[in-house]
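Chemist: Would you be able to build a 3D model of this:
(one chain, ligands or ions: 1)
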Amino acid sequence: MRKREHAMRGGQPHRDDPFVLIKGYKEPTVCPKCGLVFHEKKWIRDQELSNKLKKEKGIHYELCPACKKFKQHYPMGIVRLKGNFWMTHKEGIKNLIHNEERRGMGKNPLERIISMKEKAGELIIETTRESLATRIGKALEGAYKGNLKYEFSKGEKLVRIEWLRD
Ligand SMILES: [Zn+2]
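Modeler: Presented below is the predicted three-dimensional model:
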């Protein structure tokens, strides 16, 4: 188990998603970047409510946990695709990954892909939540077989997933 080196974490282990701490947000809060609304202790996508709230006084504006993770580059899931297979099936694989993101956002609007990069023969996807990374791994295995490996880091909510197919 590798320890995670990340400047933003300041060496402190996080057992929970530090960006979702309920007490950190007042109600109602609207995310100025993506428009999510913090309502009844949950972040929801509700354009009508968001528009209505924006006309009211006393509303708070603050980045939602997902937008904060983008800004501070703080992924909680990392998926690496290894081997030659993904390179020759790039389009299908990228579509599958984006479909999983759409499905994830349908369940929880805070589940998003932070980045998808090709680097040194790997495709690397960073996600805002571990559950989305896990689902991408399972979807790859379900669609293309291959070899799936998980590594949960101790004391932190970060999952590293490797999918290998040659
Ligand atoms: Zn947001």
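
Chemist: Might you enumerate the residues of the chain proximal to the ion?
Modeler: 31, 33-34, 36, 64, 67 (CB under 5 Å from the ion). For the C-beta atoms, the positions are set from N, CA and C on the backbone; glycine is no exception.

Chemist: in terms of contact, does Lys117 touch Arg80 like I think?
Modeler: No. Applying CB atoms under 8 Å, one finds Lys117 not in contact with Arg80, separated by 10.3 Å.

Chemist: Common neighbours of the two, please.
Modeler: 123-124 (CB atoms under 8 Å, 6 or more residues apart in numbering).

Chemist: one step back: selecting buried members of the residues of the chain next to the ion in ChimeraX, what would you type?
Modeler: Buried members of the residues of the chain next to the ion can be picked out in ChimeraX with the line below, counting by 16 or more other CB atoms under 10 Å:
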select :31,34,36,64,67
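
Chemist: Quick one: the residues of the chain next to the ion as TSV, columns for secondary structure too.
Modeler: TSV is the format used below for these (DSSP: H, G, I helix; E, B strand; the rest coil):
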residue	secondary structure
Cys31	coil
Lys33	coil
Cys34	coil
Leu36	coil
Cys64	coil
Cys67	helix
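
Chemist: Looking at the residues of the chain next to the ion, which is nearest Lys157?
Modeler: Lys157 lies nearest to Cys64 out of the residues of the chain next to the ion, by CB to CB, at 17.1 Å.

Chemist: Ends of stretch 110-130, what's the gap?
Modeler: 11 Å (CA to CA, to the nearest Å).

Chemist: Got the domain ranges for the chain?
Modeler: 7-71, 73-164 (automatic domain parsing).

Chemist: The ones you listed: lowest mean pLDDT?
Modeler: Out of the domains of the chain, domain 7-71 stands lowest, with a mean of 82 (criterion: mean pLDDT).
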